[in-house]
Structures are given as C-alpha cells and as structure tokens.
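Visitor: quick one, structure for this:
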Amino acid sequence: MLELRPSCECCDRALPPDSSDAMICSYECTWCRDCANDVLHGVCPNCGGNVEPRPIRPSAMLAKDPASTVRVFNPDCHAALP
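Guide: Purely as a prediction, here's the structure:
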C-alpha cells in the first residue's frame, strides 16, 4: 500500500491524499507536479527512475488506511541530479 506522503520533497508544498498534482517514483519519493516537471525533468534524484502521477486513494478507504503524516523535505533536491 502506498504511503501517500503529505508533501513535495523539493519545495515542501502540501500534497493531500486527493491531490492530482502529486508525483511519485517506484520508491514513493514524492514531488509536486511543478517540481517533478520543471526542476527534476521527470527523473527521481534519489533512484534515477522516472516519476508518474500518484494514484488517489478513495476517501472511504482513507479511514481504514490513512495517508502518511511524515514530511520529507530536501530543498537541495535538484543538486542530486546528474
């Protein structure tokens, strides 16, 4: 099950579970669409993989399986890119 992390790792923008702007890699590193496209150019700086839109968990399922509240923030995320 996806963690549904609450924020962009690059700019710390809030990304609630129903956000259509959340993007993830296969390790669930999470970014907003703007950072994923404009800063990272679709490449995860942590694993080198691609980023895709994060699925939205239906609200009825959030009560059973809530989203993560742990924020990961790395303002130097773009420095990890080759």
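Visitor: can you find the helix or strand in the chain with the smallest mean pLDDT?
Guide: Least confident element among the helices and strands of the chain, by mean pLDDT, DSSP states H and E: helix 59-62 (a mean of 92).
Visitor: quick one: residues in contact with that one.
Guide: With contact meaning C-beta atoms under 8 Å, 6 or more residues apart in numbering, helix 59-62 is reached by 17-18. Placement of C-beta: from N, CA and C, glycine included.
Visitor: for stretch 37-44, same thing?
Guide: Residues from elsewhere that reach stretch 37-44 (C-beta under 8 Å, 6+ apart): 10, 25, 27, 29, 31, 36, 49-51, 77-78, 81.
Visitor: how about 10 Å then?
Guide: Under the criterion C-beta atoms under 10 Å, 6 or more residues apart in numbering, residues 8-11, 23-27, 29, 31-32, 34, 36, 45, 49-52, 77-78, 80-82 lie in contact with stretch 37-44.
Visitor: and that stretch, which residues are buried?
Guide: For stretch 37-44, burial by neighbour count (16 or more other C-beta atoms under 10 Å) applies to 39-40, 43-44.
Visitor: of all pairs in these, which one spans the longest distance?
Guide: 39 and 44 (11.7 Å; C-beta to C-beta).
Visitor: ok, now how distant is the most centrally placed residue in the chain from residue 21?
Guide: Nearest to the mean C-alpha position of the chain, by C-alpha atoms, centre = their mean, lies residue 30 at 1.6 Å. Per C-beta to C-beta, to the nearest Å, residue 30 is found 11 Å from residue 21.
Visitor: low pLDDT regions in this structure?
Guide: Scanning the chain with the threshold set as pLDDT under 70 gives 78-82.
Visitor: can you rerun that using 80?
Guide: Residue ranges of the chain with pLDDT under 80: 75, 77-82.
Visitor: which residue ranges of it form strands?
Guide: 22-24, 30-32, 52-53 (DSSP state E).
Visitor: list the contacts for residue 14?
Guide: Counting by C-beta under 10 Å, 6+ apart, residue 14 has contacts 6-8, 21, 32, 71.
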